[in-house]
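1. Any chance you could fold what I've pasted below:
(chains A, B, C and D)
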Amino acid sequence: MTRAVAALLRKDLQLELRTRESVPAMVLFSVSTFVLFRFALDRERLEGDLAAGVLWVTLLFASVLGINRLFVTEREQGGFDAFLLAPVDRTAMFVAKALLLFGFLSAVELVAVSVYSVLLLGPSPFQAFPGLPLVLALANAGVAVVGTLVGALAVQTRARDLIVPLLALPLLLPIVIAGAEATAPLLAEGGAEALPGRWLAILGLYDVVFGLIAYAVFDFLLED
Amino acid sequence: MALPLAAAAGAYVAGAYLVFLALILAYVAIMASKLARVERELTELTEMAERREPDREREPV
Amino acid sequence: MYGRGLKPLSIASVAALVGAFALVFFYAPEDVDQGFIQKIFYLHVPLALVALGGFVTGGVYGVKHLRSGSREHDMKSYVAIHLSIILGVATLATGMIWAKASWGAWWVWDEPTLVAFLIVFLLYACYQPLRFAIEDPDRQMRYAAVFAVIAGAFVPICFMSVRFAQAALVHPRVLDQTGGGMPGSMFFTFLVALAGMTLLFVTLWKFELSSKSARMQLAALRRRLS
Amino acid sequence: MTRRYGERLALDGVTLSLPAGSTLAVLGANGAGKTTLLRILATLLRPHAGAARVLGAALPEEGWRVRGRIGLLAHDPLLYSELSARENLRFHARLHGVAAARIEALLEEVGLGARGDEPVRTLSRGLTQRVAICRAVLHAPEVLLLDEPYANLDPAAVAAVAPLIGRASGATRVVISHDVEGGLAEADLVLGLRGGRAEVLAPPASADLSGLYR
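-> Model (predicted):
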């Protein structure tokens, strides 16, 4: 299983480095969304729950972009058949794609959050450490799991780039709620307040529940 | 928040129950139209069957 | 074959619903602080509960379809979700009317169950577009079942995270599903209303199933004859 | 085996058995069910009715057991156009657990040693077909499922790949081809499909293909 996951991941990273389709697009999208929010909210400096809200909404839509691109090469260049012909457990595709999306999201957040702190964030981002990376990591796991499911579900359909946001937005809402509620105190004006553990529990529960469900149903999305 | 007068309250409650009734009736109407389509198709099919093997009564005994 | 128990079932649901409405207006006492407006509770909450039950039933039949691959389970899952979406519309409509009546605004964000229900409704509204976006019938059934399972698991998580976000509850907990805070007579009326709504759901469910299977047999007959 | 697409029967009760090492030529007009049959045998499609056994494994339940021993060459080369031939083959080698040395040997054999590092999308259809053939036989499969293997190949290429996918390879082969003479010459058994049904199932000598392309 790990051999197949490694092979798939290496191939996908090679493809991404060569075509540079997903990560740059997600970063550029995030930055232009921040600029958009600057004018939409008519604020130059954000803090507290508004800052958290803007960050998490932007990351949500950026991940929808990533989810849309996740299975495109598999669908168009026979990647599914090539994979199904190999004597490997089909869940390897799910694990590989989820890890790939997790990696993309982390890379995008590395750039997007630093740009965000320069452009819009009032308080310095470093006050939010180490809480912020922890929340981001937990949220990325949830987005990776559900995103991979939604991506696989949508790629075989006709209106693919319509179905992904339609499904992903409601499904990822609990992550945005939990993410924003957990990040808000960290970005408070007078210095980071305590990280509410309750929201980390919600994120963790989300990851576990959807991880198990994805593990159980993903194979049905490949079967024919 | 000032609570609206009881009379207005009655209107809202009635409104809620009417919305529910309206939805159920709409659903029944849709199902009725589907039933009508089934009936139309069935008559078409009986005609087809008719052409295929005419009824025995018509054949001379 | 689905329409077998339909007649007694529809009689029972009519009796239960009419009985419930009678109880609501002539037996149950008015709520101490909400007054007459609270009567919407006996319609709104059973609608919401039965709709959610229908979504979860859709998920259960989704799992059964994934295991068995039978067209019948898919049909039952589809009809359950399809009906729950209709009841969902009724739930949201009555919820908004209730919000307007008691707080003066059509939509109120500080009622967690209503907000969570809206999110769940938005997700399930994609069920039909997803089905129509897939041509191959077998794949359509399988993907619809996978969706039903995912969405079924999403319902509790969504309610929990929205409820957590609503730490400070503004208005009385009369809306609470468990009905803990209600006097006996009101709770009894609520139970009758809930039973009536559930019976209505099962009746419509069997009704639509028999209608769909009739239409499928008709199409098969047409193919054989043409 | 039967497979339906909605109400249409893509494959309707095709029954055949192929002894190991022999070759079956599958002929028939477009849409006759040839590709459907091939995909079922490749464990990519589940038969809706009937049963299929490949290398002793019942499909679809035990499909995973024989997946590593079947080589499929379909219309679609199943290669990533942005990756080079070598990278594609390395990906498949890792997936199948095959040593990298075999890649170089295969690339030399089909005459692609020099152009192995250019992205596949820059290769001509003939060269892409050669890479696809390398992919199909990379894990030395015992069963070869070939969908018009010699399409887009010049005579020199056909000779070059013959030991890999021809009779010389010694594998059990199911070959779909429209070149009737070529197909019959190589076959031990001929299957003529029409509208999903097996119209002809006979050795090449006595196969009457008149009704097949009407």
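
2. Could you state which residue of chain B sits nearest its centroid?
-> The residue lying closest to the centre of chain B (C-alpha atoms, centre = their mean) is B:A32, at 1.8 Å.

3. Could you report the pLDDT at that one?
-> For B:A32, the pLDDT comes out at 93.

4. Show me the contact partners of the helix-or-strand element of chain D with minimal mean pLDDT.
-> Sorted by mean pLDDT, DSSP states H and E, the helices and strands of chain D end with helix D:180-186, the least confident at a mean of 75. For helix D:180-186, contacts defined as C-beta atoms under 8 Å, 6 or more residues apart in numbering or on different chains pick out D:T23, D:A25, D:L27, D:Y150, D:G166, D:R167, D:V175, D:S177, D:V190, D:P204, D:A207, D:L209. Heads up, the C-betas are built off the backbone N, CA and C, glycines and all.

5. Which pLDDT does the model give the nearest residue in space to C:L9 that is not next to it in sequence?
-> Of all residues not flanking C:L9 in the chain, C:T203 sits nearest, at 4.9 Å (C-beta to C-beta, 6 or more residues apart in numbering or on different chains). With respect to pLDDT, C:T203 scores 93.

6. Whichever residue of chain C sits closest to chain B: which element?
-> Using C-beta to the nearest C-beta, C:A101 is the residue of chain C that sits closest to chain B, at 3.7 Å. C:A101 belongs to helix C:71-103 when assigned by DSSP states H and E.

7. tell me what that helix is packed against?
-> Packing partners of helix C:71-103 (3 or more C-beta pairs under 8 Å, 6 or more residues apart in numbering or on different chains; DSSP states H and E): helix B:6-52, helix C:41-68, helix C:112-124, helix C:127-132, helix C:137-165, helix C:184-225.

8. Give me the below-cutoff pLDDT ranges for chain C.
-> Along chain C, the model assigns pLDDT under 70 to residues C:167-181.

9. Show me which residues of it sit near chain D.
-> C:D136, C:P137, C:R223 (C-beta under 8 Å from any C-beta of the partner chain).

10. Can you spell out which residues form a bridge with the residue most central in space within chain D?
-> The residue lying closest to the centre of chain D (C-alpha atoms, centre = their mean) is D:L146, at 1.9 Å. Beta bridges link D:L146 to D:L73, D:V175, judged by DSSP bridges.

11. residues from chain A in reach of chain C?
-> Chain A has residues A:146, A:149, A:153, A:156-159, A:162-163, A:166-167, A:169-171, A:173-174, A:177-178, A:181, A:198-199, A:202, A:205-206, A:209-210, A:213, A:216-217, A:220-221, A:223-224 near chain C, with proximity defined as C-beta under 8 Å from any C-beta.

12. Low-confidence stretches in chain D?
-> In the predicted model of chain D, residues D:214 satisfy pLDDT under 70.

13. In the strand or helix carrying A:L166, which residues are buried?
-> For A:L166, the element it lies in under DSSP H and E is helix A:160-183. Neighbour-count burial for helix A:160-183, counted by 16 or more other C-beta atoms under 10 Å in any protein chain shown, picks out A:160, A:163-183.

14. now, among the contacts of helix D:180-186, which is nearest to chain B?
-> Comparing the contacts of helix D:180-186 against chain B with C-beta to the nearest C-beta places D:L209 closest, at 34.9 Å.

15. Can you tell me, leaving aside adjacent residues, what's nearest to that closest one?
-> Distance criterion C-beta to C-beta, 6+ apart; nearest residue to D:L209, sequence neighbours excluded, is D:G192 at 5.8 Å.

16. quick check, that neighbour in a strand?
-> Yes. Under DSSP: H, G, I helix; E, B strand; the rest coil, D:G192 sits within a strand.

17. where along chain D do the helices fall?
-> Assigned by DSSP state H, the helices in chain D fall at D:34-41, D:63-66, D:85-96, D:101-109, D:125-137, D:155-165, D:180-186.

18. Just the CA coordinates for the last one, please, in CSV.
-> In CSV, the C-alpha atoms belonging to helix D:180-186 read as follows (Å, rounded to 0.1, in the frame of the first residue of the first chain):
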residue,chain,number,x,y,z
VAL,D,180,-9.5,-9.1,-40.8
GLU,D,181,-6.7,-10.9,-42.7
GLY,D,182,-4.0,-9.9,-40.2
GLY,D,183,-6.2,-10.9,-37.3
LEU,D,184,-7.1,-14.3,-38.6
ALA,D,185,-3.5,-15.1,-39.5
GLU,D,186,-2.4,-14.8,-35.8
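
19. what about the closest residue to chain A within chain B, how many residues close to it?
-> The nearest approach of chain B to chain A comes at B:L23, 22.6 Å away (C-beta to the nearest C-beta). B:L23 has 17 neighbours, counted by other C-beta atoms under 10 Å in any protein chain shown.

20. now swap in the one 3 residues further on and tell me
-> The number of residues packed around B:A26, counting by other C-beta under 10 Å, is 12.

21. What's the separation between it and chain C?
-> Distance, B:A26 to chain C, using C-beta to the nearest C-beta, to the nearest Å: 9 Å.
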